[in-house]
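Undergrad: give me the fold of what follows.
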Amino acid sequence: MGVWQYCCDVYVLDGVADACLSLQEQGWNVPLLLFVGWYGAHKGVMSDEQLSHAHAFSERYSSMCVLPIRQMRQAMKLEPLIHSDEWRQHREQVKRWELAAEEFQLRQLEQLLGGDFVGSVDICAITNNLECLGSYYSPLSHQELEQWQLWFSGPLQWRG
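TA: Residues are numbered from 1 along each chain as shown. From the prediction side, this is the model:
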């Protein structure tokens with residue numbers, strides 16, 4: 001399963017959107033978080049070099065592309081210049097741009113760090129990747145790690 005479909009399948013799970021928003025507010029790069037979960041579930045443990053490369057790319061790309069769009073969307077919500085359907089439609093378009101930018105980030109990471117599909121869920125790889133990613137941000141608690149393990153292992157188990 002490709003990274004985009006996998007991340008969409010994970011994101012719709014109960015509690016994931018709120019957890020992502022919470023981590024985003026703590027400075028986490030959420031597309032990178034979703035990517036390392038996908039990588040652990042599909043390919044295994046990321047090397048330090050792979051994670052460093054993924055982190056560097058993600059932070060630079062996010063600051064250039066994702067964050068400016070997100071800031072525009074947030075500003076449009078907090079301080080609408082016009083209260084109209086057109087304004088709301090315009091803001092929805094900006095939301096779609098933000099999502100498209102995040103999709104591009106995930107697909108680029110998949111291309112940069114591609115490889116063969118492992119074929120089974122690897123909870124240890126998911127956990128390792130999340131713990132290592134936490135060294136760039138703030139470490140996840142034991143409870144958070146367990147919850148992310150469940151979320152990241154779900155899409156593969158459902159699809160058989």
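Undergrad: where does the prediction get shaky in this protein?
TA: Filtered on pLDDT under 70, the chain yields the residue ranges 115-121, 156-160.
Undergrad: so for it, which residue is the most central one in space?
TA: By C-alpha atoms, centre = their mean, the chain has its centre lying nearest to P31, at 2.2 Å.
Undergrad: helices and strands around the helix or strand in which that one is found, which ones?
TA: Here P31, judged by DSSP states H and E, is contained in helix 30-42. Here helix 30-42 touches helix 3-11, helix 16-25, helix 48-61, helix 85-112, helix 123-134, helix 142-159, going by 3 or more C-beta pairs under 8 Å, 6 or more residues apart in numbering; DSSP states H and E. Every residue, glycine included, has its C-beta placed from N, CA and C.
Undergrad: okay if I get the ones you listed as TSV plus mean neighbour count and distance to L67?
TA: Compiled in TSV, those are given as follows (neighbours: other C-beta atoms under 10 Å; distance: least, C-beta to C-beta, whole Å):
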stretch	mean neighbour count	distance to L67
helix 3-11	19	19
helix 16-25	14	11
helix 48-61	16	10
helix 85-112	15	9
helix 123-134	19	19
helix 142-159	16	23
